[in-house]
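Undergrad: Structure for the following, please:
(2 chains)
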Amino acid sequence: MTAPQRTPLFDAHIAANGKLVDFAGWELPIHYGSQLKEHETVRSDAGVFDVSHMTVVDVTGPDATRYLQYLLANDVAKLGFEGKALYSGMLNQRGGVIDDLIVYKTAWDYRVVVNAATRAKDLAWMREQAAMFHVELVERAELAMLAIQGPNAIAKVNAAKPELATLIASLQVFQGLPLGDWFVARTGYTGEDGLEIMLPGDQAIAFWNALLAAGVAPTGLGARDTLRLEAGMNLYGHEMDDSISPLAAGMGWTVAWNPPERDFIGRKVIEAEKTNGPAFKQVGLVLEGRGVLRAGQIVKTAAGDGVITSGTFSPTLKLSIAMARVPSAAAGTVDVDIRGKLEPARIVKMPFVRNGKQVFE
Amino acid sequence: MSNVPAELKYVDTHEWLRVEADGTVTIGITDHAQELLGDIVYVELPEVGASYGAGDTTGVVESVKAASDIYAPIAGEVVAINEDLPNAPESANSDPYGAAWFFRVKPANPADLDGLLDAAGYTALIGA
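TA: The predicted structure follows:
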């Protein structure tokens, strides 16, 4: 086993009393004292996450669009102008999800951001498919990446780095643009407004320190997970993996079926699944019984068994919530097996929380 | 640096024990345990009258990130539970040796207490 990698912000995490853990081969903070406080700070103010472990790949070349239209289940043709971003699954031939990712349309063609935990297989797959196209893939491992999230995130980034303010003001939600060797995107993984900023690694500590001086709270991976779960956002390896169809993982909305002649990897399999009616669907659960919902617990429904893919205590709602994969016909109230006891839970429409507020009924 | 009060007994599953004047034993989780768990959000206690052997699972404590079993450090019958704790699970973080006691047992065999760790032994165990 090799030693975990460190991001350019390693010393800043130590200085902020981060409790470091091994995450997908990276030494990263799970929290800086209290996961709950960090979660609440992102919902009410602003927090910063080091997401430098994520993998950034630039795609260039005359076939870049055709390549991504074949590689991804969503269609980059929807990206009508430079700066627009798209969320997509990258499927295998069996229609399973290799990874989920964000692709930005850029002046040099495209920038793709994929997960750290799946970096090696993603890059191998992307390169294998690229052989049939006139494209070049360049991994940008020298970039650090910070996510600044929360209702006050943009104001505090503007205070910490005033030269970004004009660019930030031009960004709609789900858009990103470069400024010199920085790249600023109005995206995130928390259900709050905010930014994800890629920048040269050797400038990361200075920017981090400026953010902290502007009143942004260091926030660990623990809060990142509870925030994304409240926001109803998928996590690779939980909601989906190579054996799970996007239609069973709540990602049907990310599949671009039109134009019908666009041949993307996995299309035939998931198209047949769609025609026949998918066997499973993704739902949100709110626990009405006792305990805490956790990944792996069995969900008993009138239509058959399902499974919890992510579960937690929701710091915002003060009750337990989960995402689950259940038979498509499941509805209403279900039972969850928590340590051998069946506890009632209710199926709800996700997200659970958006912009600090409960959104399900 | 974890707090390990000198007057208590300990076991390697991170419960503490305090012998009361009437011979019953109060049990909770250590400061080190609450630090490992992080923010505690749910506690499930045993029922009064239940009997356990040493090492049996008596309940569960869940933090935001994980669930962890609570074990009976010695054999005995549960004679009282902290009924306030399930409504204020966060007190196990803030006051693990005080307000956040878990339950009290009547030991099956009081001599079992002699084999437990003292503060020095527990401190050495957790490397504090």
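Undergrad: Walking through chain B, point out its strands one by one.
TA: Ranges of strands within chain B are B:9-10, B:15-19, B:25-29, B:40-44, B:51-52, B:57-63, B:67-71, B:76-81, B:103-107, based on DSSP state E.
Undergrad: tell me the contacts of the residue nearest the centre of chain B?
TA: Nearest to the mean C-alpha position of chain B, counting by CA atoms, centre = their mean, stands B:Gly28 at 2.3 Å. Counting by CB atoms under 8 Å, 6 or more residues apart in numbering or on different chains, B:Gly28 touches B:Glu15, B:Trp16, B:Ala92, B:Pro96, B:Tyr97, B:Ala100, B:Trp101, B:Phe102. For the C-beta atoms, the positions are set from N, CA and C on the backbone; glycine is no exception.
Undergrad: For B:Asn3, see how far away the fourth one is.
TA: Which is B:Pro96. B:Pro96 is 8 Å from B:Asn3, where distance means CB to CB, to the nearest Å.
Undergrad: These two: who's more crowded?
TA: B:Pro96 (25 against 11; other CB atoms under 10 Å in any protein chain shown).
Undergrad: Spatially nearest residue to the residue nearest to the centre of chain B, not counting backbone neighbours?
TA: When the adjacent residues along the chain are set aside, B:Gly28 lies closest to B:Trp101, with 4.5 Å between them (CB to CB, 6 or more residues apart in numbering or on different chains).
Undergrad: What of B:Tyr97?
TA: Going by CB to CB, 6+ apart, B:Tyr97 has B:Pro5 as its nearest residue, at 5.7 Å.
Undergrad: Check which helices and strands the top helix by length along chain A sits against.
TA: Criterion DSSP state H: the longest helix present in chain A is helix A:119-130. Applying 3 or more CB pairs under 8 Å, 6 or more residues apart in numbering or on different chains; DSSP states H and E, one finds that helix A:119-130 contacts strand A:55-60, helix A:64-71, strand A:85-91, strand A:97-106, strand A:136-139.
Undergrad: can you redo those as JSON lines with mean pLDDT, distance to A:Phe183 and mean neighbour count?
TA: As requested, the helices and strands packed on helix A:119-130 are exported to JSON lines (pLDDT from 0 to 100; distance: least, CB to CB, whole Å; neighbours: other CB atoms under 10 Å in any protein chain shown):
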{"stretch": "strand A:55-60", "mean pLDDT": "98", "distance to A:Phe183": "8", "mean neighbour count": "20"}
{"stretch": "helix A:64-71", "mean pLDDT": "98", "distance to A:Phe183": "17", "mean neighbour count": "21"}
{"stretch": "strand A:85-91", "mean pLDDT": "98", "distance to A:Phe183": "11", "mean neighbour count": "23"}
{"stretch": "strand A:97-106", "mean pLDDT": "98", "distance to A:Phe183": "8", "mean neighbour count": "23"}
{"stretch": "strand A:136-139", "mean pLDDT": "98", "distance to A:Phe183": "14", "mean neighbour count": "14"}
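Undergrad: out of these, which comes closest to chain B?
TA: The closest of the helices and strands packed on helix A:119-130 to chain B is strand A:97-106. By CB to the nearest CB, the value is 22.7 Å.
Undergrad: Put the alpha carbons of that closest one into PDB.
TA: Listed next in PDB are the C-alpha coordinates belonging to strand A:97-106 (Å, rounded to 0.1, in the frame of the first residue of the first chain):
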ATOM      1  CA  VAL A  97     -22.300   3.900 -14.700                       C
ATOM      2  CA  ILE A  98     -18.500   4.100 -14.900                       C
ATOM      3  CA  ASP A  99     -18.600   7.600 -13.200                       C
ATOM      4  CA  ASP A 100     -20.600  10.800 -13.000                       C
ATOM      5  CA  LEU A 101     -18.900  14.000 -14.100                       C
ATOM      6  CA  ILE A 102     -19.300  17.600 -15.100                       C
ATOM      7  CA  VAL A 103     -18.200  18.800 -18.500                       C
ATOM      8  CA  TYR A 104     -17.700  22.600 -19.200                       C
ATOM      9  CA  LYS A 105     -17.600  24.100 -22.700                       C
ATOM     10  CA  THR A 106     -14.400  26.100 -22.900                       C
END
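Undergrad: where's the helix or strand following that strand relative to the chain centroid, distance-wise?
TA: Of the helices and strands lying after strand A:97-106 in sequence (DSSP states H and E), the nearest is strand A:109-114. Between the centre of strand A:109-114 and the centre of its chain there are 14 Å (CA atoms, centre = their mean, to the nearest Å).
Undergrad: Make sure A:Ala210 is indeed in a strand.
TA: No - assigned with DSSP: H, G, I helix; E, B strand; the rest coil, A:Ala210 falls outside any strand and is helix.
Undergrad: isn't it right up against A:Leu164?
TA: No - with contact defined as CB atoms under 8 Å, A:Ala210 does not count as touching A:Leu164 (10.8 Å).
Undergrad: who has more neighbours, those two?
TA: Using other CB under 10 Å as the criterion, A:Ala210 and A:Leu164 rank with A:Leu164 on top: 18 against 15.
Undergrad: coming back round to it: give the intersection of the neighbour lists for B:Pro96 and B:Asn3.
TA: Between them, B:Pro96 and B:Asn3 share the contacting residues B:Asp31, judged by CB under 8 Å, 6+ apart.
Undergrad: Quick one: residues contacting A:Gln69.
TA: A:Gln69 touches A:Asp75, A:Val76, A:Ala77, A:Arg262, A:Phe264, counting by CB under 8 Å, 6+ apart.
Undergrad: ok so, going back, where's the residue nearest to B:Tyr97 relative to A:Thr226, distance?
TA: Taking CB to CB, one finds B:Pro5 at 32 Å from A:Thr226.
Undergrad: Tell me which of the two has more neighbours.
TA: A:Thr226 (26 against 14).
Undergrad: For that one, pull up the helix or strand it's in.
TA: Applying DSSP H and E, one finds A:Thr226 within helix A:221-230.
Undergrad: helix, strand or coil for A:Arg294?
TA: When classified by three-state DSSP, A:Arg294 comes out as coil.
Undergrad: Against A:Val283, how distant is it?
TA: Taking CB to CB, one finds A:Arg294 at 16 Å from A:Val283.
Undergrad: more crowded one of these two?
TA: A:Val283 (24 against 20).
Undergrad: For the stretch 1-150 of chain A, which residues are neighbours of chain B?
TA: Residues of the stretch 1-150 of chain A lying near chain B by CB under 8 Å from any CB of the partner chain: A:Ile30, A:His31, A:Ser34, A:Gln35, A:Leu36, A:His39.
Undergrad: Keep only those of those residues that are in strands.
TA: A:Ile30, A:His31.
Undergrad: which of the residues of the stretch 1-150 of chain A next to chain B lies closest to A:Ile244?
TA: The nearest member of the residues of the stretch 1-150 of chain A next to chain B to A:Ile244, counting by CB to CB, is A:Ile30 at 26.2 Å.
Undergrad: what sits against that closest one?
TA: A:Ile30 is in contact with A:Gly18, A:Lys19, A:Leu20, A:Val21, A:Phe23, A:Gly220, A:Leu221, A:Gly222, B:Lys65, counting by CB under 8 Å, 6+ apart.
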